[in-house]
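Participant: this one's structure only:
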């Protein structure tokens, strides 16, 4: 309770002074090309030359407190071999640690009561296999590096697999999202950062949905970005996913309920909401004028928030959020997955992506969102009931399938790709991480994103890519680029992502991402070693105190 009391007392303390930052992000060099897709061949990840990376945690790393299902950081304990023996495809299932959440906290314990775990921690949910929550103890030695915080809810129910995560400082909980089907799976769970963690589901509050991206604002609202693939015709998916905002009854106890709202976008053609079209679906519905307009530069749409569930009125029975969003007139998007608030916008600018169809065979290419893109939602404040939506960036063959994202500075945001094996092959390119500038107009072909990460393929993924399709092989192939996260670890409300300008590698700001599949390595991005001509005063190290 001492941690909770101290945290709540600090929530409304005087904000930290904000200085100018982001100088490094302005000068990251473009990586000329993605790594090519060649089955069975390893390739190194290439970063902008100003950057380097070190291992924060690796799939084959033994956790300090093995359980029946979780013995290693990124592998289930379901088969005897982490990697297949020669001539075999039998290997342990990969857990795919997903979204990272970085926090600086004092007094957190682990499985060893006599060990000092330090103060810098990286939390993850795992996307496949058995559900559990891990904590990478960044100050610890190898034996104490990874702790399994929870495999079950407080009532003994096994945890589901998780996709997204964030820190909710008002109640002192981590929030984890499950990307489910909205009917029998999906939802939000909360967990304490302590060991052992107390984890609880919030299904009667948030309902079930394809929740993935999750962020909080300074008013205590929780923003959810959903990914549920829709009916597919001619390679094009029907828009079938929604953007939500949850307003809690009490920021200090989410179990007390609140209102779940869905984003509604008004058609420029009819003046009525753009809504989900029920079955039977035809290609013309997927390629409608409204969908084309949503993916056209320069058009500005009015938006409003529509309540789909209110616990004061509807109670706490588990509900299908995706289904209610459709019946209440929410506007569906093409697989939005994640979003972030622009720093220093007073939580008035929210950028979220659409992954799109992840295939070059989509009939929705080029003008109906087949390659996905990035939307920008602008409001007068985070609790405003209305706003404006515009297309910020339109995907194409080189830049597509955006998933996780993070701001490197006030203006520069990185989106990482999740193309999948099919689009890797079709485009002869592995995933990339792209930096975009929030001040630029990307309808101008002269303005191009900067590739800051060209994802490689580690040896385990190379083996897996060659085993795909063999009878009984259960793992994915190529590495996926995910979990991009930039934070100074501040656990107070002033540390909410978007509350202050990131200062990459200064004042304690750190950056992480995960190469899913293969060796399931979670990387920390660091500044490249000093080169001749670099000034010492430009190369501040991490503030670890």
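Facilitator: Yes, it's here. Remember, predicted model here, so these are calculated numbers, not experimental data.
Participant: CA only for contacts and neighbour counts going forward, please
Facilitator: Will do.
Participant: secondary structure class for the residue nearest the centre of the chain?
Facilitator: The centroid of the chain falls nearest to residue 404 when counting by C-alpha atoms, centre = their mean (3.9 Å). Put simply, residue 404 is strand when judged by DSSP: H, G, I helix; E, B strand; the rest coil.
Participant: gap between it and residue 305?
Facilitator: Using C-alpha to C-alpha, to the nearest Å, we find residue 404 at a distance of 24 Å from residue 305.
Participant: who are the neighbours in contact with the nearest residue to residue 481 once chain neighbours are set aside?
Facilitator: Nearest non-adjacent residue to residue 481, counting by C-alpha to C-alpha, 6 or more residues apart in numbering: residue 515, 5.1 Å away. If you count contacts by C-alpha atoms under 8 Å, 6 or more residues apart in numbering, residue 515 has them with 479, 480, 481, 482, 521, 522, 523.
Participant: Sort out for me which of these are in strands.
Facilitator: Counting by DSSP state E, the contacts of residue 515 place 480, 481, 482, 521, 522, 523 in strands.
Participant: any idea how far the residue nearest to residue 481 lies from residue 140?
Facilitator: 22 Å.
Participant: do the same with residue 402
Facilitator: On the measure of C-alpha to C-alpha, residue 402 and residue 140 end up 33 Å apart.
Participant: Tell me which of these two has more neighbours.
Facilitator: For the pair residue 402 and residue 140, the greater number of neighbours falls to residue 402 (33 against 17), based on other C-alpha atoms under 10 Å.
Participant: Please report which of the ones in strands among the contacts of residue 515 has the highest neighbour count.
Facilitator: Counting by other C-alpha under 10 Å, top hit in these: residue 522 with 31 neighbours.
Participant: can you redo the ones in strands among the contacts of residue 515 as JSON lines with pLDDT?
Facilitator: Putting the ones in strands among the contacts of residue 515 into JSON lines (pLDDT from 0 to 100) gives the following:
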{"residue": "480", "pLDDT": "92"}
{"residue": "481", "pLDDT": "94"}
{"residue": "482", "pLDDT": "95"}
{"residue": "521", "pLDDT": "96"}
{"residue": "522", "pLDDT": "97"}
{"residue": "523", "pLDDT": "98"}
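Participant: Which of the residues you listed lies at the shortest distance from residue 72?
Facilitator: Using C-alpha to C-alpha, the shortest approach to residue 72 within those belongs to residue 521, at 11.9 Å.
Participant: In contact with that closest one, which residues are there?
Facilitator: So residue 521 contacts 55, 56, 57, 58, 59, 74, 514, 515 (C-alpha under 8 Å, 6+ apart).
Participant: Leaving out chain neighbours, which residue sits closest to it?
Facilitator: residue 58 (4.3 Å).
Participant: How about residue 361?
Facilitator: Spatial nearest neighbour of residue 361, excluding adjacent residues (C-alpha to C-alpha, 6+ apart): residue 235 at 5.4 Å.
Participant: Backbone dihedrals for that neighbour, please?
Facilitator: Main-chain dihedrals, residue 235, degrees, to the nearest 10: phi 80, psi 0.
Participant: Please point out which parts of stretch 35-53 sit buried.
Facilitator: With burial defined by 16 or more other C-alpha atoms under 10 Å, the residues of stretch 35-53 counted as buried are 35-43, 45-48, 50-51, 53.
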